[in-house]
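quick one: sequence plus predicted model below, questions after.
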Amino acid sequence: MFVELHMLQNFAPSCLNRDDTNSPKDCEFGGYRRARISSQCIKRAIRRHFQDYPRLSQAHLAKRTKLLVDMLTDKLAAAGKDLETAKAVAETALRSCGLGIKSDGKTEYLVFLGQGEVAAVAEACIQHWDELAAAAGETEVEGDKKARKKASKAAVPEEFRKKVDTLLDGGKAADLALFGRMLADLPDKNINAACQVAHAISTNEVSMEFDFYTAVDDLQPREETGAGMMGTVEYNSACFYRYANIDFKQLVKNLGNDQELARTAVQAFLTAAVKAIPTGKQNSMAAHNPPSLVFAVVREHGLWSLANAFVEPVRPWRDGNLIQKSITALENYWQRLTTAFGDEGIKEKAALVVDGKLSSPQIAQVDNLADLINRVMSALPGGQP
């Protein structure tokens with residue numbers, strides 16, 4: 001079973017997601033320049049919003065970090081272990097499992113681990129403390145990362161390594177189960193993502209604009225004129241089409257076949273996807289604009305992005321504004337797809353429309369986000385939320 005989420009979201013002048021030159025990200029689509037927000041940016045905003053979802057505890061969330069040694073050291077220190085020894089044990093334990101640790105104590109790349117996994121590894125370290133503390137001194141060898149890994153692996157009890165190997169299973173972290181992970185050093189611990197998130201693209205053609213700003217020095221003498229500093233900031237305003245989907249079967253598998261936790265993860269994702277907004281330049285532009293349309297589909301097979309509804313850019317005119325005409329274009333394209341390919345396997349389709357309206361009676365319209373989520377959850381295995 002799959003859950004699809006289509007959204008239209010019109011942002012006031014903003015620079016929510018920048019490239020390496022500090023310009024708002026963009027792309028060409030349908031032969032026209034469009035504003036763009038990368039999927040990575042959207043996923044990070046969603047993951048951060050998970051922190052506020054009351055039905056997900058910290059044990060069911062993950063951290064993406066290079067500071068895994070520090071994270072593990074803190075847990076060992078909190079258990080009463082000496083801080084310096086705890087850090088040496090943490091480095092030795094992680095190296096013995098195959099993770100590369102640099103001389104500054106950081107992992108060689110960002111690793112995405114469930115907090116439950118880290119807590120379980122910490123507990124295993126405590127159970128094998130004396131052996132690991134002794135092994136830590138033996139692994140301080142000169143050489144490259146391969147030599148240090150080899151030394152750690154040889155010094156650490158095999159029982160410990162086997163135990164940790166079974167613990168690195170994702171730890172039932174909802175965000176990790178949704179977005180997946182790739183560990184270059186431990187490919188057998190990779191987790192296939194249960195969720196796909198598209199780059200958001202504007203339904204309208206955009207051109208970049210420049211804000212020339214000046215800042216006045218508050219302590220500058222009155223007789224002196226001129227600004228304390230000046231510069232320019234690029235921005236745009238666009239109506240974005242956003243698309244994401246969840247493979248519910250894969251999500252349940254990633255969470256150790258815990259269907260109830262998978263349903264909670266879906267609810268958290270739907271809530272965060274609608275409410276989370278990227279933070280780029282928000283202090284100077286405050287573009288906190290909620291979606292104008294949220295369209296959810298639950299289906300047994302097949303996935304449809306509706307991006308091609310906007311191959312021809314939407315242009316506001318006397319017959320409708322940008323949001324209204326974007327909603328109409330999306331609805332018309334959906335109807336063309338269902339007419340051409342049928343709607344077999346579609347179990348639920350419901351829309352929350354804030355600005356404008358849908359004309360099709362085939363799509364259930366709800367009054368609020370809670371009703372929309374309830375309809376999605378009722379169509380998934382497990383029934384009523």
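Okay, I see it. Numbers count the residues shown, from 1 in each chain.

could you use CA atoms for every contact and neighbour count after this?
Noted.

CA atoms only: put stretch 261-274 into PDB for me.
C-alpha atoms of stretch 261-274 as PDB (Å, rounded to 0.1, in the frame of the first residue of the first chain):
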ATOM      1  CA  LEU A 261       4.600   2.200  15.000                       C
ATOM      2  CA  ALA A 262       4.600   2.400  11.200                       C
ATOM      3  CA  ARG A 263       1.100   3.900  11.300                       C
ATOM      4  CA  THR A 264       2.400   6.500  13.900                       C
ATOM      5  CA  ALA A 265       5.300   7.200  11.600                       C
ATOM      6  CA  VAL A 266       2.900   7.900   8.700                       C
ATOM      7  CA  GLN A 267       0.800  10.300  10.800                       C
ATOM      8  CA  ALA A 268       4.000  12.100  11.900                       C
ATOM      9  CA  PHE A 269       5.200  12.300   8.300                       C
ATOM     10  CA  LEU A 270       1.800  13.700   7.000                       C
ATOM     11  CA  THR A 271       1.700  16.300   9.800                       C
ATOM     12  CA  ALA A 272       5.300  17.300   9.400                       C
ATOM     13  CA  ALA A 273       5.100  17.400   5.600                       C
ATOM     14  CA  VAL A 274       2.200  19.900   5.700                       C
END
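
what mean pLDDT does that stretch get?
For stretch 261-274, mean pLDDT rounds to 97.

where do the strands sit along the stretch 251-385 of the chain?
All strands of the stretch 251-385 of the chain, identified by DSSP state E, counting those that start in this stretch, fall at 293-299, 346-353, 364-366.

now do the shortest one: distance to the chain's middle.
Spelled out, that is strand 364-366. 27 Å (CA atoms, centre = their mean, to the nearest Å).

list the contacts for the nearest residue to residue 351 once chain neighbours are set aside?
Nearest-residue entry for residue 351: residue 295, 4.3 Å, with adjacent residues in sequence omitted and distances by CA to CA, 6 or more residues apart in numbering. With contacts defined as CA atoms under 8 Å, 6 or more residues apart in numbering, residue 295 is in contact with 5-7, 349-352.

quickly list what residue 212 is bridged to.
Applying DSSP bridges to residue 212 gives these bridge partners: residue 232.

for residue 77, see how far away residue 359 is.
Computed as CA to CA, to the nearest Å, the residue 359 to residue 77 distance reads 61 Å.

tell me which of those two has more neighbours.
Comparing residue 359 with residue 77 by other CA atoms under 10 Å, the one with more neighbours is residue 77, at 15 against 10.

in terms of pLDDT, where does the more buried one sit?
Looking at residue 77, the pLDDT reads 96.

list the residues that contact it.
83, 86.

wait, which of the strands of the stretch 251-385 of the chain is closest to residue 45?
Nearest of the strands of the stretch 251-385 of the chain to residue 45, taken as CA to CA: strand 293-299 at 17.4 Å.

can you give me the buried ones in the closest one?
293-299 (16 or more other CA atoms under 10 Å).

try stretch 128-136
Residues 129, 131-133, 135-136 are the ones in stretch 128-136 that count as buried (16+ other CA under 10 Å).

can you tell me which of those residues are in helices?
129, 131-133, 135-136 (DSSP state H).

tell me the one among those nearest to residue 115.
Looking across those and measuring by CA to CA, the closest to residue 115 is residue 129, at 20.4 Å.

excluding chain neighbours, what is closest to the closest one?
Per CA to CA, 6+ apart, closest to residue 129 is residue 89, 8.0 Å.

quick one, what contacts the one you found?
125, 129, 132-133, 136 are the contacts of residue 89 under CA under 8 Å, 6+ apart.

how does it look with 7 Å?
Residue 89 sits next to 132-133, 136 when contact means CA atoms under 7 Å, 6 or more residues apart in numbering.

which one of these sits closest to residue 174?
residue 132 (30.9 Å).

quick one on the thing from earlier: I'd like the ones in helices among the buried residues of stretch 128-136 laid out as TSV, including distance to residue 308.
What follows is these, written out as TSV (distance: CA to CA, whole Å):
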residue	distance to residue 308
129	58
131	60
132	57
133	59
135	59
136	57
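
okay, the contacts of residue 89 in CSV with pLDDT and distance to residue 317 next?
Compiled in CSV, these are given as follows (pLDDT from 0 to 100; distance: CA to CA, whole Å):
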residue, pLDDT, distance to residue 317
132, 90, 71
133, 89, 72
136, 81, 70
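
from the residues you listed, pick the one nearest residue 188.
Nearest to residue 188, judged by CA to CA, of the contacts of residue 89 is residue 132 at 24.2 Å.

hang on, the closest one packs against residue 155?
No: in this structure residue 132 lies outside contact range of residue 155 using CA atoms under 7 Å: 8.2 Å.

doesn't residue 22 lie inside a helix?
No: counting by DSSP: H, G, I helix; E, B strand; the rest coil, residue 22 is not found in a helix; it is coil.

ok, the closest residue to residue 354 other than its chain neighbours to residue 257 distance?
Using CA to CA, 6+ apart and skipping residues adjacent in sequence, the residue nearest residue 354 is residue 292, 4.9 Å away. Distance, residue 292 to residue 257, by CA to CA: 35 Å.
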